[in-house]
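[1] Test case, fold it:
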Amino acid sequence: MAGERGWIPMTNLMAHHVRTLWERVEEGAASTGREADRHQLRIGREVYVGETPESARKEARIVLGRPFDEHQYVNRKAQGTLRYVKLDPAMPDEAVDVDYMMEHVWIVGDPQECADKIRQLHDEIGGFGHLLAITQDPDDHALMQRSLRLLMEEVAPRVQDLA
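    Presented below is the predicted three-dimensional model:
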């Protein structure tokens, strides 16, 4: 429907799901004589940038991990949507924990590691126009503020050629 109506597609699905989604957007667009523009595709990801890989993971456990454990995991399991973050559909739900999310879904690391993960995601999907950084509201706001500053000042310049 997004392709048919010229809507801007936005998703936080894993790369292999996004490829299928994009094919549907292109098919929908073609069915009405439109051409889908991949630069309009928005990809949402939880992002946490730290000073070092170690500090990023330690801080992401607080900033991203706590909301995941307390709310997101429970809700996704109840809704039956954990499958959308699994690399292997046969994975048990219990394997989708904070460590798994940091390694395979979220963009967590120091500036270079985050830039590399964004570039890898871009390549796996086949390109996208915008990365929407999903943030959380931790008790210590300075953590998220520093992460976003690093994202703007250190990560963005390293991936600006993807635009």
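[2] quick one: contacts for Leu131?
    Residues near Leu131 by CB atoms under 8 Å, 6 or more residues apart in numbering: Arg42, Ile43, Gly44, Arg45, Val47, Ile118, Leu121. Every residue, glycine included, has its C-beta placed from N, CA and C.
[3] Just to be careful, could you list which of the residues you listed are in strands?
    Mapping those onto strands (DSSP state E) picks out Arg42, Ile43, Gly44, Arg45, Val47.
[4] contacting residues for the most centrally placed residue in the chain?
    Among the residues of the chain, the one closest to the centroid is Arg45, at 2.1 Å (CA atoms, centre = their mean). The contact partners of Arg45, taken as CB under 8 Å, 6+ apart, are Asn12, Val105, Trp106, Ile107, Leu121, Leu131, Leu132, Ala133, Ile134.
[5] give me the beta-bridge partners of it?
    Legend: beta-bridge partners of Arg45 under DSSP bridges are Ala133.
[6] Buried subset of the contacts of Arg45, written for ChimeraX?
    Filtering those down to the buried ones (16 or more other CB atoms under 10 Å) takes a single ChimeraX command:
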select :12,105,106,107,121,131,133
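[7] Tell me how many other residues crowd the closest residue to Leu121 other than its chain neighbours.
    Using CB to CB, 6 or more residues apart in numbering and skipping residues adjacent in sequence, the residue nearest Leu121 is Ala15, 6.2 Å away. Using other CB atoms under 10 Å, Ala15 has 16 other residues around it.
[8] tell me the contacts of Ala15?
    Ala15 neighbours (CB under 8 Å, 6+ apart): Leu121, Glu124, Ile125.
[9] Could you dump those residues into a markdown table with distance to Ser55 and pLDDT added?
    A markdown table is the format used below for the contacts of Ala15 (distance: CB to CB, whole Å; pLDDT from 0 to 100):
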| residue | distance to Ser55 | pLDDT |
| --- | --- | --- |
| Leu121 | 22 | 96 |
| Glu124 | 26 | 94 |
| Ile125 | 28 | 93 |
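[10] Inside helices: which ones of these?
    Judged by DSSP state H, helices contain the following of these: Leu121, Glu124, Ile125.
[11] need the strands for the chain, in chain order.
    Residue ranges of the strands in the chain, as given by DSSP E, are 10-11, 42-49, 107-109, 130-134.
[12] Going by neighbour count, which residues of the longest one are buried?
    Neighbour-count burial for strand 42-49, counted by 16+ other CB under 10 Å, picks out Ile43, Arg45, Glu46, Val47, Tyr48, Val49.
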